[in-house]
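**Student:** next input, structure requested:
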Amino acid sequence: MTRNSGQNRASGEPEVWITGLGLISSLGEGGGAHWALLAGDEGDRVVDETSFAPYPVHPLGDIDFSAQIERKGDLRQMGPWQRIGVYAAGLALEDAGIAGRQEQLDETQLIVAAGNGERDEAADGAVLKALTDAARPRGASGGVLNKTLQTTLRPTLYLAELSNLLAGNISIVHGVSGSSRTYKGEEMAGVSAVEDAVRRIVNAQGQLFLVGGAFNAERADLTLAFELSGALWHGPFKSVWERAGEGGGFVMGSLGAFLVLEADTHARARGQKPYAKIAGVASGRSKRSRNDDGAVRSVDALLDGLALGLDEGPLGVLSGASGVEPATGDELSWLDGLENRGIAPAIRAYGTMLGHSVEAHFPAGLALAALAVSRNGFFRPFDNSGRERSFERQAERILVTGWGHWRGEGLALVETAGTH
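**Tutor:** Predicted coordinates:
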């Protein structure tokens with residue numbers, strides 16, 4: 001299945017502007033801090049190789065959550081995953097000039113990409129211990145499982161926080177009271193969240209959206225889940241492109257990324273300038289195997305829907321590649337194939353610097369693309385593999401890729417926004 005949003009709009013349809021960014025990661029918070037570290041010569045990645053050894057992670061930087069979540073009661077009832085998302089959402093609203101303006105918050109529609117939140121590890125342990133104890137003597141377990149679940153489960157009905165709790169807390173803390181949607185489905189949740197907002201703006205089903213996701217990499221339960229699926233990188237840190245020759249794998253990164261997406265007419269009416277515009281978003285899902293090029297053909301088709309008017313020559317590409325094989329090798333093959341279209345991609349795998357943030361990864365790529373376009377520049381190469389060539393021209397157009405580590409493909413084209 002292939003879907004395309006935002007490209008080839010009819011005359012009179014609104015442009016989709018990015019008017020606010022909220023970004024927190026291992027590098028700190030805010031667009032300015034990320035630009036300085038990723039585009040300058042002195043910034044370096046932050047990696048913790050000991051806390052979850054043998055799995056390195058990019059830990060969240062030092063964030064004072066009370067700056068965006070003022071009530072202590074709200075902070076107490078949120079796990080780190082929710083705090084990251086609520087904080088990043090607040091930064092985006094502030095950046096767009098919407099925070100505290102209830103009339104505009106009332107029309108702001110919320111779309112969140114989310115997995116489940118933190119599991120209650122103590123409750124998990126209690127269930128397993130009760131079952132182990134009940135197995136001695138043999139046959140004595142009886143109703144122990146049901147009894148233990150009844151006495152240890154929190155009111156969320158899971159041993160983990162429900163995915164839509166993030167959207168609920170953003171609404172409560174920041175007063176966002178338009179419609180609310182939550183997407184699940186790993187990397188493609190982030191693609192779908194952005195695509196949904198773009199479609200609705202273009203089709204006059206809303207003018208103001210808060211879109212994004214959050215990911216807490218410092219979780220033993222997620223480490224276990226992704227290790228069981230064979231997705232994690234083991235051992236000392238290496239860049240995304242350097243992992244392929246040694247079996248591949250991703251390094252998780254704690255990150256919150258939210259965007260305010262707005263119809264250009266709406267932004268102009270309130271005097272808000274854009275970072276950039278989203279010229280189009282496309283998504284698909286192919287069958288993948290080591291002996292099949294289905295993912296490459298899928299993304300070729302997605303680009304066909306976005307590439308009308310795409311100039312030949314150098315093009316900045318922010319790759320959401322995870323490092324997992326065969327997906328990363330497939331993406332490299334496709335990127336190399338852009339040469340056949342006359343396009344010379346200057347690739348930056350931003351996961352090398354920020355880690356892989358699954359649901360939040362694609363929104364983070366769009367935030368970085370908007371930063372680069374707004375500053376008429378691009379990011380320095382993030383590794384020494386030779387894959388990331390220099391890019392010396394103004395970045396008026398950037399392609400963002402979102403290859404799921406297991407399934408799903410997405411592309412977005414971010415361009416300079418006209419303000420006249």
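
**Student:** compute the first-to-last residue distance for stretch 262-277.
**Tutor:** From its first residue to its last, stretch 262-277 covers 9 Å (C-alpha to C-alpha, to the nearest Å).

**Student:** same question for it: list its buried residues.
**Tutor:** By neighbour count, and taking 16 or more other C-beta atoms under 10 Å as the criterion, the buried residues in stretch 262-277 are 262-264, 266-267, 272, 274-277. In short, each C-beta sits where N, CA and C put it, glycine included.

**Student:** and this protein, what are its domains?
**Tutor:** The chain is divided into the following domains under automatic domain parsing: 15-119+160-415, 121-145.

**Student:** CSV for the buried residues of stretch 262-277, including pLDDT, distance to Val176 and secondary structure?
**Tutor:** Supplementary listing: these in CSV, determined by pLDDT from 0 to 100; distance: C-beta to C-beta, whole Å; DSSP: H, G, I helix; E, B strand; the rest coil:
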residue, pLDDT, distance to Val176, secondary structure
Glu262, 98, 14, strand
Ala263, 97, 17, strand
Asp264, 97, 21, helix
His266, 97, 16, helix
Ala267, 97, 17, helix
Gln272, 96, 17, coil
Pro274, 97, 20, coil
Tyr275, 97, 20, coil
Ala276, 97, 23, strand
Lys277, 97, 22, strand
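
**Student:** out of these, who's nearest Trp406?
**Tutor:** Ala276 (29.6 Å; C-beta to C-beta).

**Student:** Phe378 looks like it's in a strand, true?
**Tutor:** No - the assignment for Phe378 by DSSP: H, G, I helix; E, B strand; the rest coil gives coil, which leaves it out of any strand.

**Student:** which ones are touching it?
**Tutor:** Going by C-beta atoms under 8 Å, 6 or more residues apart in numbering, Phe378 touches 39, 316, 346, 348, 372, 391, 395, 398.

**Student:** next, the closest residue to the first one other than its chain neighbours: phi, psi?
**Tutor:** Right, the one you point to is Ala39. The shortest distance from Ala39 to any non-neighbouring residue, by C-beta to C-beta, 6 or more residues apart in numbering, is to Phe379 (5.2 Å). With angles defined as degrees, to the nearest 10, Phe379 sits at phi -90, psi 150.

**Student:** so Val198 sits right up against Ile278, yeah?
**Tutor:** Yes - with contact taken as C-beta atoms under 8 Å, Val198 and Ile278 are classed as touching, separated by 5.7 Å.

**Student:** looking at the two, which is more packed in?
**Tutor:** Comparing Val198 with Ile278 by neighbour count (other C-beta atoms under 10 Å), the higher total belongs to Ile278, at 29 against 22.

**Student:** are we agreed that the more buried one is in a helix?
**Tutor:** No - using three-state DSSP, the assignment for Ile278 is strand, not a helix.

**Student:** burial measure for the residue nearest to it when sequence neighbours are not counted, as a count.
**Tutor:** Across the structure, with C-beta to C-beta, 6+ apart as the measure, the residue nearest Ile278 apart from its sequence neighbours is Val16 (4.5 Å). Counted with other C-beta under 10 Å, residues neighbouring Val16 total 28.
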